[in-house]
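**Q** Kindly return the folded structure for what I paste below:
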Amino acid sequence: MGFQKGGHKMSVGKTAVLVAALTAATCGQTAIAQDYSQAPDFQAQVDAGELPPLADRLPEPPLVLEPLEEVGKYGGTWRSALKGTFDNGWIRRTVAYQPLLAFDYNWAKVVPNIAESYEANEDATEYTFHLRKGHKWSDGEPFTAEDLAFALNDIMKNPDYSGEKAQGFDWANMTGEAIDDVTFKITLEKPDGLLLQQIASVNGPFFVQAPKHYCSQFVPTYNENAEQVAKDRGFDSWSQAIERVCFTNFTDEKRPTLNAWRQLTPYDGINQLIEFERNPYFFKVDPEGQQLPYIDRVTMVQSENVEDILLKVINGEVDFSNRHFATVTNKPVIYDGQEAGNYHLVSTIDARMNTGVLQFNLTHEDPAKRELYQNHDFRAALSMGIDRQEIVDVIYAGQGEPYQAAPRPESEFYNEELAKQYTEYDPDKANEMLDAMGLDQRNGDGIRLDKNGNPIRIQLYTPSDQVELNDIAQLIVGYWSDLGIDLDQRNVERSFVYETFQSNKHDLHMWWGDGGLGDAILDPRYYFPMNNESAFAYKWAQWFINPEGAGAEEPSDAAKKQIELYRELKASADPEKQAELFSQIIDIAQDEFWVIGTVLPAEGYAVAKNNLGNVPEAQPYAWIYPQPGPMGTSQFFFKD
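**A** From the prediction side, this is the model:
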């Protein structure tokens, strides 16, 4: 694999998405006219006068998706599963990844997707997107630049909108303008050299998920009765209605879409089966002119726990997925069940740099805990008190290696000292360091006392649906007990975990480590405090987001320097300069040792039914790069 600085070039497989018809402004060519065909059920509806002809439903030109292996055929249902009632990540990764611009299969570059082409000025303050003429929403209404302007200006930039916003974007810095029906321009007050990557990321599809003709009913600017409409629909406010209906929650099956499949049942905690059907207005075709997607329907069963999902996999009831169940622990039983379940395993390139990152709350409200957790030597000692090789052997069957929260070895940002410092298991040295800090007094239970004479008890809530995190935490309870540190670890619902640390009430937070490959620059949450997932310094992260915002606290000098470097990075459109600045951020992360890592993940895997065609092999697996979405899931098909 090759990884260019800045995450712009990553070669891990073959390219899946080829834009076969670009505008003259893009490549000097125009689309070649050809005959297009459609699924038999759509043809029957056209013949019956129930659906417009295909020529009236496709844009000019449609995007031609070159298949991974072969041109497919129509039919079948893609089955998978969801965990509980808030597992929208799998929906976003599979049927809802259709941004303006997309990552290609290799995670090597950004390519046109819903936008036919784009251009940017040299100082990264103006970005212009050209849409396809005749592109339509799933209800047949025109999709135009006005929809994009509405999503940006009337929702994300609206000062009265209090709902969730797509992360990774400086909305206050952006203004959208519909130049005409097929031309949309974003103007920035400050340069943002990462904007195109953000648009291609998992958060980018928001721009095309809020059809103005449908979602404006909830916005007071367009509907003076918006609050009442929202309350009639069961929401507390118009902001909540926008968040739940027109964002990423998939609670409203009536919302029009540009995705390959349109939603049939709401994901609202009531329906056990979430269903999608082929979108008659989808804008992609295969090289033979067949409108995509090939597969008729997508179904996702809500399961109570991961064990239920695992059982479905082994029983052959999952056609393609790696959501929740694809762990090292489960791999042997999944591998053994291949013949009976009529499936096989395909590899994924895990972009995560850690299986479990421990984040002490450096901005704790308790002054004594804040002082203790901010002490570099305290964190270093507890890191050396973790037997990572035992974690690798016991939990991951010998796969993986001791590792801190640092870019992966394949990354150009790899920093060996950051990756390996304090990973050697040395409880004797760890105890010596804690003693040297003045923590040499213990109570009758052998628990060390802080400077105020109180036992050092650390609360850690781990999400009950993350089995591996819970297993790691249980081992760490024992390791730190040998150091005289009382770690009180409890399994709780994920929502409680997030509620706790995003209200800054946590001692310690644990999650896996994103940001190992191409997502390092876009999601450096563990390298410096920069978003709501930076639990090690949540209040400093709020300062980065908005220094005047609620809960914001001025960071330490080192963190502030990282923030300055990152702002300079975003202001540059030069990948080389971006890479140089990010390397400096990593160097500071090495010195400060903000968080504690555990294990570098080994190669991942997904399960695919034996008769499923165009299955991706060795595809990157990350959140920013929402595998399998960028491979173009509309090309999946079932063989005879």
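
**Q** all contacts plus neighbour counts: C-alpha atoms, from now on.
**A** OK.

**Q** Thr257 in helix, strand or coil?
**A** coil (DSSP: H, G, I helix; E, B strand; the rest coil).

**Q** so it sits right up against His135, yeah?
**A** No - contact between Thr257 and His135 fails when scored by C-alpha atoms under 8 Å: they sit 11.5 Å apart.

**Q** how about the residue sitting furthest away from the middle of the chain, phi and psi?
**A** Of all residues in the chain, Gly444 has its C-alpha farthest from the mean position, at 46.3 Å, by C-alpha atoms, centre = their mean. Per-residue torsions, Gly444: phi -60, psi -20 (degrees, to the nearest 10).

**Q** And it, what's its pLDDT?
**A** Note on Gly444: pLDDT of 96.

**Q** What separation do you get for it and Leu475?
**A** Separation of Gly444 from Leu475 (C-alpha to C-alpha, to the nearest Å) stands at 23 Å.

**Q** what do you get for Leu58?
**A** Distance from Leu58 to Leu475, by C-alpha to C-alpha: 56 Å.

**Q** Would you mind telling me which of the two has the busier surroundings?
**A** Leu58 (23 against 17; other C-alpha atoms under 10 Å).

**Q** what residues are up against the closest residue in space to the more buried one that isn't next to it in sequence?
**A** In this structure, Leu58 finds its nearest non-sequential neighbour in Phe283, 5.7 Å apart by C-alpha to C-alpha, 6 or more residues apart in numbering. Residues in contact with Phe283, defined by C-alpha atoms under 8 Å, 6 or more residues apart in numbering, are Leu58, Pro59, Pro62, Leu63, His135, Leu258, Gln291, Leu292.

**Q** Quick one: those residues as JSON lines, columns for pLDDT and secondary structure too.
**A** Listed next are those as JSON lines, based on pLDDT from 0 to 100; DSSP: H, G, I helix; E, B strand; the rest coil:
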{"residue": "Leu58", "pLDDT": "98", "secondary structure": "coil"}
{"residue": "Pro59", "pLDDT": "98", "secondary structure": "coil"}
{"residue": "Pro62", "pLDDT": "98", "secondary structure": "coil"}
{"residue": "Leu63", "pLDDT": "98", "secondary structure": "strand"}
{"residue": "His135", "pLDDT": "98", "secondary structure": "coil"}
{"residue": "Leu258", "pLDDT": "98", "secondary structure": "coil"}
{"residue": "Gln291", "pLDDT": "98", "secondary structure": "strand"}
{"residue": "Leu292", "pLDDT": "98", "secondary structure": "coil"}
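
**Q** By neighbours, which of the residues you listed wins?
**A** Using other C-alpha under 10 Å as the neighbour criterion, Leu292 leads the contacts of Phe283 with 30 neighbours.

**Q** Please tell me how far stretch 505-515 is from the chain's geometric centre.
**A** 16 Å (C-alpha atoms, centre = their mean, to the nearest Å).

**Q** gap between the two ends of it?
**A** So stretch 505-515: terminal residues 25 Å apart, C-alpha to C-alpha.

**Q** what sits up against that stretch?
**A** For stretch 505-515, using C-alpha under 8 Å, 6+ apart, the contacting residues are 351-361, 364-365, 369, 405, 407, 458-462, 469, 500-501, 520-526, 535-536, 622-623.

**Q** Could you identify the buried members of these?
**A** Listed as buried from the contacts of stretch 505-515 are 351-361, 364, 369, 405, 407, 458, 460-462, 469, 501, 520-526, 535-536, 622-623; burial here means 16 or more other C-alpha atoms under 10 Å.

**Q** How about the secondary structure of the closest residue to Tyr527 other than its chain neighbours?
**A** Ranked by C-alpha to C-alpha, 6+ apart and with sequence neighbours excluded, the top spatial neighbour of Tyr527 is Ala589, at 5.5 Å. Put simply, Ala589 is helix when judged by three-state DSSP.

**Q** my guess is Ala589 contacts Pro529, does it?
**A** No - counting by C-alpha under 8 Å, Ala589 sits too far from Pro529 to count as a contact (10.4 Å).

**Q** Who has more neighbours out of those two?
**A** Pro529 (27 against 21).

**Q** Tell me which residues of stretch 119-130 come out buried.
**A** Under 16+ other C-alpha under 10 Å, the buried positions of stretch 119-130 are Ala120, Ala124, Thr125, Glu126, Tyr127, Thr128, Phe129, His130.

**Q** Quick check: phi and psi at the fourth one.
**A** When you say that, I think you mean Glu126. Torsion angles, degrees, to the nearest 10, at Glu126: phi -140, psi 130.

**Q** now it: how far from Asn113?
**A** As judged by C-alpha to C-alpha, Glu126 and Asn113 stand 19 Å apart.

**Q** Equivalent analysis for the fifth one, please.
**A** Distance of Tyr127 to Asn113, given as C-alpha to C-alpha: 15 Å.

**Q** How about the second one?
**A** Computed as C-alpha to C-alpha, the Ala124 to Asn113 distance reads 20 Å.

**Q** Secondary structure of Glu227: a helix, I assume?
**A** Yes - checked against three-state DSSP, Glu227 lies within a helix.

**Q** which SS class is Glu307?
**A** helix.

**Q** give me every residue that touches the closest residue in space to it that isn't next to it in sequence.
**A** Counting by C-alpha to C-alpha, 6+ apart, Glu307 lies nearest to Phe325, which is 7.9 Å off, once chain neighbours are set aside. For Phe325, the contact set (C-alpha under 8 Å, 6+ apart) comprises Val306, Glu307, Ile309, Leu310.

**Q** repeat that with 10 Å
**A** 305-311, 313, 331, 334, 466-467, 606-607 (C-alpha atoms under 10 Å, 6 or more residues apart in numbering).
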